[in-house]
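J.: my questions concern the predicted model and sequence given below.
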Amino acid sequence: MSNCTKALQTCLRYTFAMPTPHLTPNATGHLSVGDGHTLYYEDWGNPDATPIFCLHGGPGSGFSDKMKTLFDPRKHRVIFHDQRGAGKSTPFASVDHNTSQDLVEDIERLRAHLGIERMHVVGGSWGSTLALLYAIAHPERVTKLLLWSVFLARKFEVDMVNDGTLRTYFPEAWDRFIALVPEAHRENGDTVMRYYAEKVRSTDPAEAKRHADEWALWECTLLSIGYNPIRLEKEVLEDRDNAAVASIETHYFLNGCFVPENHILSSIDAIKDIPCVLIHGRFDMCTPPVSAHDLSQAYGSNLSLVWVNSGHTNGDPEMNAAIRTAAQTFLT
């Protein structure tokens, strides 16, 4: 599950001092992809390098300039884009015509628009899910995969976030999150999520904002081993993207991410020949480490699994360092 939203990246920026890269893109644009959607994209870095498509988390978060710190603009050419409803893409927070299949084909449209034949594909959390779904659908376009904090879009991965399982580790934060949900809607993770989904789409702006903020705050709580609840609350509640993240995430997760249960592992033969590096935190409370193990077992020898003493976010020091090292050594 991608929770690497701009809100989450912002609220965890204190965990690691990342270098500031050259942030000016070579080109930017808005690409119409049909169904009333337009995608914002940036083409950044060395124009002569092998293209890298970097896929953001959420779904619904949009990409941020902090993602650029994972790459070297002298060595890497990276394409960033805001997925449907996210960031600078329009219409903002829209769930209409917004499915995993739509997002996969949007990558294809953007690839063709930029005249790219083959590329590396990278992403963390929901970005890892989308990278795998794209590679399964279009393996001939993918030269390498670099993934972190992997989410395989299985129901138990979503349930553990919304059904109270993690109350064991964050009891105060869970009590705050669940306090907004009436007892009648606390039957399981789906009923809790369905209640939040209804409220974040409320026509009452104050009610929608309150529930979107609390949705984002609970997810932010699960991200980093550098947990600071006071700073976390201040940063998260200031983020305008909470509405998009809460609306789009609940739309995806209540619909099984629009793929059959266990679809990625069941389809893994399509991508086993693509070299892959997977980085996962031993203490990831958001996407369970067993998913990284399961993907590695299914994928076989072309996947290199790197464990780090980290949480979920790429802002945690060991996770950040491992991703940057892999980008430098693997994405050539």
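T.: Thanks, I have the structure now. Numbers count the residues shown, from 1 in each chain.
J.: for the longest helix seen in the chain, C-alpha coordinates in PDB please.
T.: Secondary structure of the chain per DSSP state H: the longest helix is helix 205-221. The C-alpha trace of helix 205-221 is given here as PDB (Å, rounded to 0.1, in the frame of the first residue of the first chain):
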ATOM      1  CA  PRO A 205     -16.100  20.500   3.400                       C
ATOM      2  CA  ALA A 206     -15.300  20.500   7.200                       C
ATOM      3  CA  GLU A 207     -16.500  16.900   7.600                       C
ATOM      4  CA  ALA A 208     -14.600  15.700   4.500                       C
ATOM      5  CA  LYS A 209     -11.300  17.500   5.600                       C
ATOM      6  CA  ARG A 210     -11.500  16.100   9.200                       C
ATOM      7  CA  HIS A 211     -11.800  12.500   8.000                       C
ATOM      8  CA  ALA A 212      -9.200  12.900   5.200                       C
ATOM      9  CA  ASP A 213      -6.800  14.300   7.700                       C
ATOM     10  CA  GLU A 214      -7.300  11.500  10.200                       C
ATOM     11  CA  TRP A 215      -7.000   8.900   7.500                       C
ATOM     12  CA  ALA A 216      -3.700  10.400   6.500                       C
ATOM     13  CA  LEU A 217      -2.500  10.800  10.100                       C
ATOM     14  CA  TRP A 218      -3.100   7.100  10.900                       C
ATOM     15  CA  GLU A 219      -1.200   6.000   7.800                       C
ATOM     16  CA  CYS A 220       1.700   8.400   8.500                       C
ATOM     17  CA  THR A 221       1.900   6.900  11.900                       C
END
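J.: show me what the helix or strand just after that helix packs onto, helices and strands only.
T.: Using DSSP states H and E, the helix or strand that follows helix 205-221 towards the C-terminus is helix 229-236. When contacts are defined as 3 or more C-beta pairs under 8 Å, 6 or more residues apart in numbering; DSSP states H and E, helix 229-236 packs onto helix 6-11, helix 205-221. C-beta coordinates here come from the backbone N, C-alpha and C atoms, glycine included.
J.: relative to E183, which of those helices is closest?
T.: Closest to E183 of the helices and strands packed on helix 229-236, according to C-beta to C-beta: helix 205-221, at 16.9 Å.
J.: what's the angle from the closest one to helix 229-236?
T.: For helix 205-221 against helix 229-236, the angle by axes from the mean of the first three to the mean of the last three C-alpha atoms, to 10 degrees is 130 degrees.
J.: ok so, going back, buried ones in the longest helix of the chain?
T.: 208-221 (16 or more other C-beta atoms under 10 Å).
J.: check stretch 246-265 too.
T.: Quick answer for stretch 246-265 (16+ other C-beta under 10 Å): 246-253, 257-259, 263-265.
J.: could you dump the residues you listed into CSV with secondary structure added?
T.: Formatted as CSV, the buried residues of stretch 246-265 follow (DSSP: H, G, I helix; E, B strand; the rest coil):
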residue, secondary structure
A246, helix
S247, helix
I248, helix
E249, helix
T250, helix
H251, helix
Y252, helix
F253, helix
C257, helix
F258, helix
V259, coil
H263, helix
I264, helix
L265, helix
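J.: what's the most centrally placed residue in the chain sitting at in phi/psi?
T.: For the chain, the residue nearest the mean C-alpha position is G57 (1.6 Å; C-alpha atoms, centre = their mean). Note on G57: backbone dihedrals following degrees, to the nearest 10 are phi -90, psi -160.
J.: wait, it sits on V122?
T.: No - using C-beta atoms under 8 Å, G57 makes no contact with V122, being 11.9 Å away.
J.: the nearest residue to E207 once chain neighbours are set aside: what's it in contact with?
T.: In space, and not counting its chain neighbours, E207 is closest to K199: 6.1 Å by C-beta to C-beta, 6 or more residues apart in numbering. Each residue near K199 by C-beta atoms under 8 Å, 6 or more residues apart in numbering is listed here: 180, 207-208, 210-211.
J.: buried sites along the helix or strand that K199 is a member of?
T.: Assigned by DSSP H and E, K199 belongs to helix 189-200. By 16+ other C-beta under 10 Å, the buried positions in helix 189-200 come out as 189-190, 192-197, 199-200.
J.: can you check stretch 124-143 too?
T.: Here stretch 124-143 shows 124-138, 141-142 as buried, counting by 16+ other C-beta under 10 Å.
J.: for stretch 313-328, same thing?
T.: Quick answer for stretch 313-328 (16+ other C-beta under 10 Å): 313-324, 326-327.
J.: stretch 176-185: which residues count as buried?
T.: So, applying 16+ other C-beta under 10 Å, buried residues of stretch 176-185: 176-178, 180-181, 185.
J.: so of these, which ones are in strands?
T.: Among the buried residues of stretch 176-185, no member falls in strands (DSSP state E).
J.: export those residues to CSV and tack on pLDDT?
T.: Shown next, in CSV, are the buried residues of stretch 176-185 (pLDDT from 0 to 100):
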residue, pLDDT
R176, 97
F177, 98
I178, 98
L180, 98
V181, 98
H185, 98
